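J.: Predicted model and sequence below, questions to follow.
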Amino acid sequence: MVPLLVKCHKEGLQSSLINCIDINEGRVIKQWLIEVEGRETVTNKVFNVSVIRGGESVHKFLYPNIFEEEITLCLLSSRPNIMQIQGVDQVEGRLKFTAKETKEIEIKISALKKNESVKLYIYDSEHGGNKIHETLDFNFTLL
């Protein structure tokens with residue numbers, strides 16, 4: 001048995017193909033098709049951010065570790081082509097916090113041609129999102 005943790009970042013039915021590959025021979029041994037139905041996330045906080053049309057912007061906000069222990073959080077943008085989280089691995093989005101630490105999170109907003117909304121998903125990576133699972137909404141309005 002292989003444990004598999006799946007996180008949906010879109011509503012509706014999502015299909016993915018999982019391949020088991022023999023690394024010595026470089027061939028597929030088995031394939032599985034999984035389907036996961038994603039539900040709308042509950043928004044914990046909304047940020048309304050004004051940005052300059054056609055130029056990149058930076059926005060900062062504080063995020064606390066509310067626990068008395070060290071924790072590693074994953075911060076993932078629903079639209080990484082528009083909003084990137086600085087200071088984290090862009091694939092897994094991991095960011096380590098010491099006990100009760102509050103960090104300043106910096107996001108970079110790409111040049112926009114219209115108003116956009118992006119979700120930032122935050123969950124604890126060690127516990128599969130069982131301790132923390134939050135969604136922050138960012139509404140970007142052009143000046």
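T.: Yep, that arrived.
J.: quick one, what contacts Glu104?
T.: 60-62 (C-beta atoms under 8 Å, 6 or more residues apart in numbering). C-beta here means a position set from N, CA and C on the backbone, and glycine is covered the same way.
J.: Just the buried ones from the residues you listed?
T.: Not one of the contacts of Glu104 meets the buried threshold, by 16 or more other C-beta atoms under 10 Å.
J.: Rebuild those as CSV, extending it with secondary structure, distance to Leu13 and pLDDT.
T.: Below are those laid out as CSV (DSSP: H, G, I helix; E, B strand; the rest coil; distance: C-beta to C-beta, whole Å; pLDDT from 0 to 100):
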residue, secondary structure, distance to Leu13, pLDDT
Lys60, strand, 36, 95
Phe61, strand, 33, 95
Leu62, strand, 36, 94
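J.: can you tell me the helix or strand for the residue in the chain sticking out farthest from the centre?
T.: In the chain, the greatest distance from the average C-alpha position (C-alpha atoms, centre = their mean) is reached by Glu25, at 34.6 Å. Under DSSP states H and E, no helix or strand contains Glu25.
J.: Likewise for Ile18?
T.: strand 12-22.
J.: elements contacting the helix or strand that that strand is followed by?
T.: The first helix or strand that comes after strand 12-22 along the chain, using DSSP H and E, is strand 27-38. In this structure, strand 27-38 makes packing contacts with strand 12-22, judged by 3 or more C-beta pairs under 8 Å, 6 or more residues apart in numbering; DSSP states H and E.
J.: Can you list the strands that the strand it packs on pairs with?
T.: Applying DSSP bridges, strand 12-22 is found paired with strand 27-38 (antiparallel).
J.: neighbouring contacts of the next helix or strand after the partner strand?
T.: The first helix or strand that comes after strand 27-38 along the chain, using DSSP H and E, is strand 45-51. Contact with strand 45-51 is made by 57, 59, 61, 109, 112, 134, 136-143, as judged by C-beta under 8 Å, 6+ apart.
J.: change it to 7 Å
T.: Here strand 45-51 makes contact (C-beta atoms under 7 Å, 6 or more residues apart in numbering) with 57, 59, 61, 109, 112, 136-143.
J.: No further queries at this time; thank you.
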